[in-house]
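Engineer: coordinates only, no sequence provided:
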């Protein structure tokens, strides 16, 4: 499929989705509450498709240009290492003050996420400080 055909097909698809959105919105505004469910479903499907396409495009670009994306791969590996270390040191103790549905794995993931955030925020602050100080001496 050439570029012009793809652009035309995507334009037609975009137009059809806009028309569907307008029709569903008009039905909701006219008081047909039964149209709310399909509107939410359509929104969730479109968000899922858009996110999936963006993810696939990103992976395709990463794989096809490995040499150009070496820094990105190093950054992803470093992030994975930080996440693994934070998960390893996170505690999974469920306190009595937590809601009943709280699980040990949920507590561990939450604590690991907080640790990762601390490491990344501190790293960003240190990077900004070092960048400014090195700029003074240049």
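Structural biologist: Cool, the structure landed. None of the values given here were measured: they were computed from a predicted structure. Numbers count the residues shown, from 1 in each chain.

Engineer: neighbours of residue 24, how many?
Structural biologist: As a burial measure, residue 24 scores 19 neighbours (other Cβ atoms under 10 Å). Any C-beta I mention is one placed from the backbone N, CA and C, and that applies to glycine too.

Engineer: and the residue nearest to it when sequence neighbours are not counted, how far from residue 21?
Structural biologist: The shortest distance from residue 24 to any non-neighbouring residue, by Cβ to Cβ, 6 or more residues apart in numbering, is to residue 39 (4.6 Å). Distance from residue 39 to residue 21, counting by Cβ to Cβ, to the nearest Å: 8 Å.

Engineer: find the residues that touch each one of the two.
Structural biologist: With Cβ atoms under 8 Å, 6 or more residues apart in numbering applied, the contact sets of residue 39 and residue 21 do not overlap.

Engineer: how much space separates the most centrally placed residue in the chain from residue 114?
Structural biologist: With distances taken as Cα atoms, centre = their mean, the residue of the chain nearest its centroid is residue 51 (8.2 Å). Separation of residue 51 from residue 114 (Cβ to Cβ): 25 Å.

Engineer: tell me which helix or strand comes right after the helix or strand in which residue 12 is found.
Structural biologist: Using DSSP states H and E, residue 12 falls within helix 3-29. The helix or strand immediately downstream of helix 3-29 is helix 36-64, counting by DSSP H and E.
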